[in-house]
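> Dropping the sequence and predicted coords here.
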Amino acid sequence: MKRDDAQIPFDDRGPDELIDAYFDRELAPETEAQFARRLARDADLAMRFAESEEAVEAIGRPIQTPDLSSQILAEVGRRRGWIGARLQRLVSVGRVAIAAAILLALAVTLTVRRLTPDAAIFPQAPTPIADVADCAASDANCNVAEFLTAMDHVGSQTRLNAVRQSFPKASAQAMAATCIRIQIDTQSVSKTGAHARSRTDHWRARCVTVRPMTLSASAVKSESLKKLTAQQRVGVVRFAALRTSARPSDNDDKASTVGGW
Amino acid sequence: MTRGAEQKLIRQAVQGDREAAGRLIKAHQPSLYAYMLRMSGRPDVAEDIVQDAFVRVLTHLERFDPRYRFSTWLFTIAKRLYVNACQKHKPRYDSEIVNVWQSADEDHASRAAIGHEVRQNIHGALQESLESLTPIQKEVVLLFHQQGWSIALIADHLEMPQGTVKSHLHRGRQRLRRSLSSCKNRQDAVNEVLR
């Protein structure tokens, strides 16, 4: 329905103001209709409007533009260089690959941590190395020589698993602590001079008295200590000594003794 | 071109994509050239400024702040280059009108040529009328009517209040109307004599 003019507030602006408002796109639709009627009545306003419209239309008329892109690109290329499409794809793929590798490493780390939460936890309370022997003793079928050979060849990453295989009844925390402590506590092992020679692989080891060999762990059971044979005890201590000895000494050829056992 | 597409082209150009840079140039060159041609009145100056502005912008594209419009940044740099160029080249009116009158003597038989002349005359008169404006009036009128920028954007670009921008726009448009009308009357008189 068309609105009655009487309902529209009369715009009493001057002709130039009205023309400016029109070209500024600020006239309301109803005022615009009013303006159109006023243009029809006022010849002077209509002439000014037509001249302004012509000027505005001339300004907005398209201009033929020369193509400068090749000169611009050549100059920019000389200053900073462009990367070819193939190289650009390689850069993009490389970025994605690096990001994926980081994410994968993170995921693997988190998964390992979740599956073996005790793997990297150090013991809170020190435990004598005798407790390590408990583990060996608890497995009646454990062959100390095989265990030592296995331990001699495994890397740090798989050592825990090797220990676990050899001592199936020991807790994961105890085994992890065993591996770590045997490596770390080099200085806490005092040498007493005795050693034993293996018939099979000829490795040399110090027979030591392990004093405060701070091994974990509360979970290691010690009730089987007395069941160890002397050979088993020597083997276990050999293992510890093998990991801690720096070099053979003059005392290497002395007889084996296990101090404190 | 949408702003998202433009941002994507800018990112690609920053990484060294020549094709993306070329598309950016093609998208903005016509408007910048038209603006510079009207500002300077000289095609050679307009070409130099457009080329220089694009080279500078594309060389330092990594400095572009994506919160702002690319065209605003481009026009700002072009304007600074134009101000510098004005100190070297004295602006002069477009000589198109003179050229057109000279060519009219040689080829006035052709109706197509006459149509071309009429268009050239209008362009020449417009340029002459634009030269009657103050630099700021000319800039505001061109940005508003040629580039279609809003009052707010022009105010932001020129770092002045919107009211001031409107004032320049109104005065510039009125002066342009009067000047163009005067040129047209002069031209009609010449045409009358030549007929």
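Yep, it's here.

> Every contact and neighbour count from this point should use C-alpha atoms.
Will do.

> check contacts around B:Arg177.
A:Arg48, A:Glu51, A:Ser52, A:Ala55 (Cα atoms under 8 Å, 6 or more residues apart in numbering or on different chains).

> for chain A, what's the longest helix?
Identified as the longest helix of chain A according to DSSP state H is helix A:85-115.

> thinking again about what came up before, out of the contacts of B:Arg177, which touch chain B?
A:Arg48, A:Glu51, A:Ser52, A:Ala55 (Cα under 8 Å from any Cα of the partner chain).

> okay, now the domains of chain B?
B:3-88, B:99-194 (automatic domain parsing).

> which one of those domains has the lowest average pLDDT?
Among these, domain B:99-194 carries the lowest mean pLDDT, a mean of 78.

> List the buried residues in the longest helix of chain A.
Along helix A:85-115, these residues count as buried under the neighbour rule (16 or more other Cα atoms under 10 Å in any protein chain shown): A:Gln88.

> what mean pLDDT would you report for it?
Computed over helix A:85-115, the average pLDDT equals 85.

> Name the residues of chain B found near chain A, please.
B:15-18, B:21-22, B:25-26, B:29-30, B:33-34, B:47, B:51-52, B:54-55, B:58-59, B:122-123, B:126, B:142, B:145-147, B:170, B:173-174, B:176-178, B:180-181.

> Buried among these? Need that as a selection in PyMOL.
Selection of buried members from the residues of chain B next to chain A for PyMOL, criterion 16+ other Cα under 10 Å:
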select buried, chain B and resi 15+16+17+18+21+22+25+29+30+33+34+47+51+52+54+55+58+59+122+123+126+142+145+146+147+170+173+174+176+177+178+180+181
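
> Show me the residues of chain B next to chain A that map onto helices.
Checked against DSSP H, these include these in helices: B:18, B:21-22, B:25-26, B:29-30, B:33-34, B:47, B:51-52, B:54-55, B:58-59, B:122-123, B:126, B:170, B:173-174, B:176-178, B:180-181.

> Max pairwise distance over the contacts of B:Arg177: which two?
In the contacts of B:Arg177, two members sit farther apart than any others by Cα to Cα. They are A:Arg48 and A:Ala55, at 10.7 Å.

> More neighbours: which of these two?
More crowded of A:Arg48 and A:Ala55, by other Cα atoms under 10 Å in any protein chain shown: A:Ala55, with 25 against 19.

> my guess is B:Leu81 meets B:Ile49, correct?
Yes. Between B:Leu81 and B:Ile49 there is a contact at 6.3 Å, judged by Cα atoms under 8 Å.

> what about those two, which has more around it?
The neighbour comparison of B:Leu81 against B:Ile49 (other Cα under 10 Å) goes to B:Ile49, with 25 against 16.

> Locate that one within the secondary structure: which element?
helix B:43-59 (DSSP states H and E).

> Check B:Leu130 too.
Applying DSSP H and E, one finds B:Leu130 within helix B:111-131.

> Equivalent analysis for A:Ala74, please.
Assigned by DSSP H and E, A:Ala74 falls in helix A:69-80.

> near chain B, anything from that helix?
Yes. Residues of helix A:69-80 contacting chain B under Cα under 8 Å from any Cα: A:Ser69, A:Gln71, A:Ile72, A:Leu73, A:Glu75, A:Val76, A:Arg79, A:Arg80.

> any chance of these in JSON lines, plus neighbour count, distance to A:Val108 and pLDDT?
Formatted as JSON lines, these follow (neighbours: other Cα atoms under 10 Å in any protein chain shown; distance: Cα to Cα, whole Å; pLDDT from 0 to 100):
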{"residue": "A:Ser69", "neighbour count": "19", "distance to A:Val108": "50", "pLDDT": "90"}
{"residue": "A:Gln71", "neighbour count": "12", "distance to A:Val108": "52", "pLDDT": "90"}
{"residue": "A:Ile72", "neighbour count": "22", "distance to A:Val108": "49", "pLDDT": "92"}
{"residue": "A:Leu73", "neighbour count": "23", "distance to A:Val108": "46", "pLDDT": "91"}
{"residue": "A:Glu75", "neighbour count": "19", "distance to A:Val108": "48", "pLDDT": "90"}
{"residue": "A:Val76", "neighbour count": "22", "distance to A:Val108": "45", "pLDDT": "89"}
{"residue": "A:Arg79", "neighbour count": "13", "distance to A:Val108": "44", "pLDDT": "85"}
{"residue": "A:Arg80", "neighbour count": "12", "distance to A:Val108": "41", "pLDDT": "79"}
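
> can you list those residues in TSV and add distance to A:Thr111?
What follows is the residues of helix A:69-80 next to chain B, written out as TSV (distance: Cα to Cα, whole Å):
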residue	distance to A:Thr111
A:Ser69	54
A:Gln71	56
A:Ile72	53
A:Leu73	50
A:Glu75	53
A:Val76	49
A:Arg79	49
A:Arg80	45
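
> Now for residue 62, how many residues are close by?
Went with chain A since none was named. Neighbours of A:Pro62 (other Cα under 10 Å): 11.

> wrong one, chain B
Counted with other Cα under 10 Å, B:Glu62 comes out at 14.

> quick one: it and B:Ala13 touch, right?
No. Using Cα under 8 Å, B:Glu62 is not in contact with B:Ala13, being 9.0 Å away.

> so what's B:Leu169 up against?
B:Gln137, B:Val140, B:Val141.

> now B:Arg173
Contacts of B:Arg173 (Cα under 8 Å, 6+ apart): A:Ser52, A:Ala55, B:Val141.

> Counting neighbours, what do you get for the last one?
Burial measure for B:Val141: 28 neighbouring residues, criterion other Cα under 10 Å.

> Please give me every residue in contact with A:Arg80.
A:Arg80 neighbours (Cα under 8 Å, 6+ apart): B:Thr59.

> just wondering, since we're on it, how far is it from B:Arg69?
A:Arg80 is 23 Å from B:Arg69, where distance means Cα to Cα, to the nearest Å.

> cool, and A:Tyr22?
27 Å.

> A:Leu110 too?
Distance from A:Leu110 to B:Arg69, by Cα to Cα: 44 Å.

> Would you tell me which residues of chain A are close to chain B?
So far as Cα under 8 Å from any Cα goes, chain A lies against chain B at A:20, A:48, A:51-52, A:55-56, A:58-65, A:68-69, A:71-73, A:75-76, A:79-85, A:88.

> how about 7 Å then?
Residues of chain A lying close to chain B by Cα under 7 Å from any Cα of the partner chain are A:20, A:51-52, A:55-56, A:59-60, A:63, A:65, A:68-69, A:72-73, A:75-76, A:80, A:82-83.

> Skipping adjacent residues, who's closest to the spatially most central residue of chain B in space?
Residue closest to the average C-alpha location in chain B (Cα atoms, centre = their mean): B:Tyr35, at 1.5 Å. Distances taken as Cα to Cα, 6 or more residues apart in numbering or on different chains place B:Leu142 nearest to B:Tyr35, at 6.8 Å, with adjacent residues excluded.

> Kindly report the same for B:Leu9.
Per Cα to Cα, 6+ apart, closest to B:Leu9 is B:Ala20, 5.2 Å.

> any idea how far B:Ala53 is from that neighbour?
17 Å.

> and the helix holding B:Ile49, what other elements does it pack with?
With contacts taken as 3 or more Cα pairs under 7 Å, 6 or more residues apart in numbering or on different chains; DSSP states H and E, helix B:43-59 sits against helix A:69-80, helix B:18-40, helix B:70-88.
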